[in-house]
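Trainee: Just the structure for this:
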Amino acid sequence: MRSVRFYHPFSTSRSRQHLLALAGILVLPLILLGGFSAFTKMNFIVLINDLGISLARMFWATIISIVLGWLFAVLFYHGRRARIALPIFDVLQSLPTSAALPVAVIYFGASNFVVIVSLIFAIIWPIFFSIISSLKLIRHDWVEAVEVSRIKGFDYLRYFLVPVSIPGLITGTIIGLGDGWEALVATEIIVHVHIGLGNFFSTVSANPTATVLGIVCLLSVIFAINKSIWLPLLERSHKIMEE
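Mentor: Alright, predicted model coming up:
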């Protein structure tokens with residue numbers, strides 16, 4: 001099995017048509033935000049700033065969730081540790097994080113820390129359980145090949161565990177981000193941070209038209225991110241497994 005190579009999502013196709021389509025996907029949210037700003041008379045820079053802050057929170061929550069989700073999955077996917085830990089993780093994923101937010105705000109204040117931790121709890125579980133599923137479905141002949149090759153330590157991680165867990169990681173991240181986007185606005189509203197999409201939707205909540213148009217703009221951003229980054233990575237992860 002080959003080791004994982006760093007892959008840039010924009011290299012899936014070098015054709016001019018693909019690059020033009022990709023550019024259109026990335027520009028679409030800016031066009032919609034510009035039209036929304038003109039329609040509602042809201043400051044475009046303020047809109048971009050709110051969006052950028054929320055995207056930064058999602059970015060850090062996703063990175064931390066990927067690292068922790070992969071680490072926990074590798075540590076607890078089989079053996080006695082799995083029998084003990086997996087039921088505990090299953091209970092933890094069912095806990096209503098939003099119910100603990102008011103308590104977290106009391107202790108930590110209306111901060112980015114509280115928002116990011118809440119998002120981690122929304123994103124990490126699909127990643128963790130998806131990787132667990134990938135590792136449990138490892139082909140027997142691959143395991144035998146590893147045992148015969150006597151691969152251990154860092155090489156075992158690099159040439160075996162990382163490649164076989166990548167499809168589950170990518171799939172879980174896509175699902176987790178769906179939960180994360182759903183939790184983002186609600187979390188920012190509950191925590192009452194003053195900058196971000198939660199603040200924006202709180203401001204326009206009395207205007208149904210502006211709210212609907214804002215949701216359309218947000219969906220265009222999510223679509224652009226998924227289409228330009230996560231879906232190509234998912235396709236590439238399956239090719240890695242085939243190699």
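Trainee: May I have the residues that are in contact with the most centrally placed residue in the chain?
Mentor: The C-alpha lying nearest the average C-alpha coordinate of the chain belongs to Leu177 (CA atoms, centre = their mean; 3.7 Å). Leu177 sits next to Met58, Thr62, Ile123, Ile222, Asn226, Trp230 when contact means CB atoms under 8 Å, 6 or more residues apart in numbering. Heads up, the C-betas are built off the backbone N, CA and C, glycines and all.
Trainee: hang on, isn't the first one packed against Ala183?
Mentor: The reference is to Met58. No - in this structure Met58 lies outside contact range of Ala183 using CB atoms under 8 Å: 9.8 Å.
Trainee: Show me what counts as buried in the helix ranked longest in the chain.
Mentor: With secondary structure taken from DSSP state H, the chain has its longest helix at helix 44-76. Of the residues in helix 44-76, those with enough neighbours to count as buried (16 or more other CB atoms under 10 Å) are 47, 50-51, 53-54, 57-58, 61-62, 64-66, 69-70, 72-74, 76.
Trainee: elements contacting it?
Mentor: Counting contacts by 3 or more CB pairs under 8 Å, 6 or more residues apart in numbering; DSSP states H and E, helix 44-76 is packed against helix 16-40, helix 79-94, helix 112-136, helix 162-191, helix 197-203.
Trainee: The closest residue to Ser220 other than its chain neighbours: neighbour count?
Mentor: The spatial neighbour of Ser220 that comes closest, neighbours along the chain excluded (CB to CB, 6 or more residues apart in numbering), is Pro29 at 4.5 Å. Number of residues near Pro29 (other CB atoms under 10 Å) recorded here: 19.
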